[in-house]
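Novice: only geometry, no sequence info:
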């Protein structure tokens, strides 16, 4: 058997297959793919003849290239074929499917498949996700090249090697493809979230399940509420709890508020009690309020702490907090009495106390304050975080500028938080 030169799936689909006498015994409809080493390989060709499907095993193929396909068999020796679901077919199951392009951090479509001969077999070596693949299938690749050449341009190849592809699920017939997990983990969480959101619900869930906890938490926090709910609903309770524990409490509360009540309670019960209490506290606030918008994770120290002591404690405490804008100063009853910025802390003398460098003229809001009012205060006074206090001035949480950005997004992206 001989496979010559560059060959794509579109080059052979509908091509006639000749018998030893030169008569056409059928036209290629598809190729059966099996797991090979190191790459998938073609095990058989499916041909159609007089409205019926037949199978020609690869061992019965004598010539296979873009010009000639021939077999050792005659028409009366062909095997009937019924397209069983367990077979993986190149055209039916791979062509036009979505895959993840890690380099471009986007979902692309398989427009064609590149084949290559190796030790008497035909291997699937790459997928074409570019314009060339589309033009080739339309039969206008060469003419398009001529037109572009006239304008001193060229049609580039956009191939993704099969080495970088693997099924989302272990079954070969589930052929929606993605790059290896370690490559996905290196993507920015926003890019990863977008990729998961672009594929189907089932495919996104399967992709998400194999991410490590930290990567999964970062990606989940970047998704839209409806996709977050779909993803968390699709995974087991223990893993969902681990992922939400890794997130900031306000983000975890947002996710839980979009889940069915029973599912949310089940996950909340599986979360570490201290963290679950933080999340439950946030779930108790009404939507569209400062309380519903705030996070209850912040750094606060007593006023008699020195700058040197503060910095030493801060280095440890800040490891568990996503973003730190200010150091809040509270008394023994946890009442807010002042705030200092990190800049002021760094330029102060090591022996100065927080009470000496803190700002006492503070803008605060209550948990019931409308979220847009909180946003206006942050904008008007040019602060990056706004303290939320109760009627006794006890510090409950902070509304950050990031939270404000979230609420000024289009309504479809906003979350409504409900109690669990």
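Specialist: Received, thanks. Treat the numbers as computed from the prediction; the structure is a model and nothing was measured.

Novice: What strand or helix carries residue 43?
Specialist: Secondary structure assignment for residue 43, by DSSP states H and E: strand 41-49.

Novice: tell me what that strand is packed against?
Specialist: strand 24-34, strand 52-57, strand 121-128 (3 or more CB pairs under 8 Å, 6 or more residues apart in numbering; DSSP states H and E). Just so you know, the C-beta spots here come from the backbone N, C-alpha and C atoms, and that holds for glycine as well.

Novice: May I see the buried residues of it?
Specialist: Residues of strand 41-49 classed as buried: 41-47 (neighbour count, 16 or more other CB atoms under 10 Å).

Novice: about what we covered before: relative to residue 211, which of the helices and strands packed on strand 41-49 is closest?
Specialist: strand 121-128 (23.2 Å; CB to CB).

Novice: just checking, what packs against that closest one?
Specialist: Here strand 121-128 touches strand 41-49, strand 112-118, strand 159-161, going by 3+ CB pairs under 8 Å, 6+ apart.

Novice: any idea how far the first one is from the chain center?
Specialist: In terms of CA atoms, centre = their mean, to the nearest Å, the centre of strand 41-49 is set 35 Å apart from its chain centre.

Novice: Next one: the residue nearest to residue 270 when sequence neighbours are not counted from residue 273, what distance?
Specialist: Once flanking residues are discounted, residue 270 sits nearest to residue 241: 3.7 Å by CB to CB, 6 or more residues apart in numbering. Distance, residue 241 to residue 273, by CB to CB, to the nearest Å: 12 Å.

Novice: circling back: looking at the buried residues of strand 41-49, which is nearest residue 119?
Specialist: Nearest member of the buried residues of strand 41-49 to residue 119, counting by CB to CB, is residue 41, at 9.8 Å.

Novice: mind checking pLDDT for that closest one?
Specialist: If you check residue 41, the pLDDT there is 91.

Novice: same check, this time on residue 178
Specialist: pLDDT, residue 178: 62.

Novice: In this model residue 195 seems to touch residue 100, though I could be wrong.
Specialist: Yes: the pair residue 100 / residue 195 is scored as a contact, 5.4 Å apart, by CB atoms under 8 Å.

Novice: Looking at the two, which one has more neighbours?
Specialist: Using other CB atoms under 10 Å, the more surrounded residue of residue 100 and residue 195 is residue 100, with 28 against 23.

Novice: for the stretch 201-350 of the chain, what spans make up the strands?
Specialist: Taking DSSP state E, counting those that start in this stretch as the test, the strands found in the stretch 201-350 of the chain are 300-301, 326-330, 336-341.

Novice: right, and those strands - which one's nearest residue 115?
Specialist: strand 326-330 (61.0 Å).

Novice: re the thing from before, could you save the helices and strands packed on strand 121-128 as JSON lines and add columns showing distance to residue 191?
Specialist: Shown next, in JSON lines, are the helices and strands packed on strand 121-128 (distance: least, CB to CB, whole Å):
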{"stretch": "strand 41-49", "distance to residue 191": "33"}
{"stretch": "strand 112-118", "distance to residue 191": "26"}
{"stretch": "strand 159-161", "distance to residue 191": "17"}
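
Novice: Assumed residue 22 was part of a helix.
Specialist: No: counting by DSSP: H, G, I helix; E, B strand; the rest coil, residue 22 falls outside a helix, being coil.
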